[in-house]
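**Student:** Here is my input; please provide its structure:
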Amino acid sequence: MRIARFRIGDGPARLGRVDGAAGGTDVSVTDVSGDVGTSLRAILPELPSLTERIGAVTGPSYPLAEVTLLAPVDDPQKYLGIGMNYREHAEEARQAGIPVPTSQLWFNKQVSCIGGPRDDVVKPGLSDELDYEIELGVVIGRRCKNVPATAARSVIAGYLVANDFSVRDWLMKRSPTFTLGKSFDTHGPIGPWLTTDDEIDDPLALRMRLTVNGEVRQDWPTSDMIYDIYEQIAYLSQVFTLMPGDVLATGTPSGIGAPTGNFLRPGDLVRAEIEQLGALENRVVAED
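**Tutor:** Take a look at the predicted model:
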C-alpha cells in the first residue's frame, strides 16, 4: 500500500491511499482521513491492522495532478543520515577532503528541514556549495530497542525517496558533526508517499536515479551499501530507542557535485527517483 499526505488547494492536510501504477497517468489519491485521522506517524504502530480498513475506503478520490503532496511524515522524532555508505561515494568523498570512516557514521538532520516531494529547495545566500544526495529512506514502524539485524525488517513500516541536500562548506569546515550543513531549512524533501514494506520484495535491490535539469548525475543500486539497512537499524538501536515515524536516510551513491565543484544553482530542477517508490522533483530557488 502507498499512503500519502496531501492537501487540496489551501485546505488542511489529509491522509490518502494512492492507487494506480506508479508513473502512470491514472494515479489517484483517496482520502482516508475520516477513517484513520491525518497523521501518518500516529497510525504507524497499528498500520498492519489498519491496512484492510484503509483499503476499503471508497472516497472521495482525486487525480494525483489535482493534489499537493506533502512530506509523508512531517513530524518524526528523529531524522538521521549515514555518511559515505556506498563504496564509490566514499571514495569521491575522500577526494573532496572528507575522511572515510571505519564504522557507521551517523549525523542528525534537524526535522525542521523536512519538505514535501515537490517543494522548492532554497540555496542559502551564505554558500555556493549546495549539493544533492539521493537516498533510500526507511521509516520505522514501531518503538524498538536492541534490534538484531536479523529481525530489523520487522520494525520497518516502509520506504520513501529522500534527497539529503547538503551545504558542503558547512559540513566538516564549519560543523564537524555534519549537523549544520545537513539541516538548512527545506533541505530534507521526502516522499512522494510511504510505500509499505510488504510492497517491496527486496529493498536492497532497488535502482536509484538522480537528474539535474534532465542530466543523469547518480544512477546506482541500493545493493552497493557498505552497511545495509538492517545493519544500520541494529547499530542505531544499540544506542537509543527508535520510534514510529523516525526516518533513516541510508546513504547516497557516487555522483555528487562536490568532487567536481558542480554545485546546484537557482533554477535547477532536481529529480530523485527510486524504482517502485516514486520520485521527488524539487526546484532550487534563491534565498530572499
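
**Student:** Residue 125 - nearest residue in space that isn't next to it in sequence?
**Tutor:** Counting by C-beta to C-beta, 6 or more residues apart in numbering, residue 125 lies nearest to residue 287, which is 4.4 Å off, once chain neighbours are set aside. The C-beta positions use only the backbone N, C-alpha and C, and glycine is treated the same way.

**Student:** Just the local confidence number for the residue most central in space within the chain, please.
**Tutor:** Centroid-nearest residue in the chain, with C-alpha atoms, centre = their mean: residue 162, separated by 2.3 Å. On pLDDT, residue 162 comes in at 98.

**Student:** Please apply the same query to residue 171.
**Tutor:** pLDDT, residue 171: 84.

**Student:** I figured it hits residue 184, correct?
**Tutor:** No - using C-beta atoms under 8 Å, residue 171 makes no contact with residue 184, being 11.5 Å away.

**Student:** List the beta-bridge partners for the closest residue to the residue nearest to the centre of the chain other than its chain neighbours.
**Tutor:** Sequence neighbours aside, residue 137 is the residue nearest to residue 162 in space, at 3.7 Å (criterion: C-beta to C-beta, 6+ apart). Note on residue 137: beta-bridge partners by DSSP bridges are residue 160, residue 249.

**Student:** and residue 137, what does it touch?
**Tutor:** Going by C-beta atoms under 8 Å, 6 or more residues apart in numbering, residue 137 touches 159, 160, 161, 162, 190, 247, 248, 249, 250.

**Student:** list the contacts for the fourth one?
**Tutor:** Same thing as residue 162. 134, 135, 136, 137, 188, 189, 190, 247, 249, 272.

**Student:** Tell me how many other residues crowd residue 199.
**Tutor:** For residue 199, the neighbour count with other C-beta atoms under 10 Å is 13.

**Student:** For it, which non-adjacent residue is spatially closest?
**Tutor:** Leaving aside its chain neighbours, residue 199 sits nearest to residue 1 (6.6 Å; criterion: C-beta to C-beta, 6+ apart).

**Student:** ok, so what distance separates the residue nearest to residue 162 from residue 211?
**Tutor:** For residue 137, the distance to residue 211 (C-beta to C-beta, to the nearest Å) stands at 18 Å.

**Student:** Residue 281 too?
**Tutor:** From residue 281 to residue 211 the distance is 10 Å (C-beta to C-beta).

**Student:** Give the buried residues for the least confident helix or strand in the chain by mean pLDDT.
**Tutor:** Of all helical and strand segments in the chain, the minimum by mean pLDDT, DSSP states H and E falls on helix 87-95, at a mean of 78. By 16 or more other C-beta atoms under 10 Å, the buried positions in helix 87-95 come out as 89, 90, 92, 93.

**Student:** Give the residue farthest from the middle of this structure.
**Tutor:** residue 58 (28.7 Å).

**Student:** secondary structure class for it?
**Tutor:** What DSSP: H, G, I helix; E, B strand; the rest coil gives for residue 58 is coil.

**Student:** how near is it to residue 27?
**Tutor:** Separation of residue 58 from residue 27 (C-beta to C-beta) stands at 17 Å.

**Student:** now do residue 138
**Tutor:** From residue 138 over to residue 27 (counting by C-beta to C-beta), the distance is 23 Å.

**Student:** In this structure residue 78 contacts residue 109, no?
**Tutor:** No - using C-beta under 8 Å, residue 78 is not in contact with residue 109, being 9.1 Å away.

**Student:** The residue farthest from the centre of the chain: what's its closest spatial neighbour, skipping adjacent residues?
**Tutor:** In space, and not counting its chain neighbours, residue 58 is closest to residue 30: 7.4 Å by C-beta to C-beta, 6+ apart.

**Student:** Quick one: residues contacting residue 219.
**Tutor:** With C-beta under 8 Å, 6+ apart, residue 219 has these contacts: 207, 208, 209, 210, 253, 255.

**Student:** Restricted to strands, list the residues you listed.
**Tutor:** Per DSSP state E, strands hold the following members of the contacts of residue 219: 207, 208, 209, 210.

**Student:** Tabulate the residues you listed (CSV), appending neighbour count.
**Tutor:** Listed next are the ones in strands among the contacts of residue 219 as CSV, based on neighbours: other C-beta atoms under 10 Å:
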residue, neighbour count
207, 13
208, 23
209, 18
210, 27
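
**Student:** of those, closest to residue 180?
**Tutor:** When the ones in strands among the contacts of residue 219 are compared for distance to residue 180 (C-beta to C-beta), residue 210 wins out at 23.2 Å.

**Student:** Alright, calling it a day.
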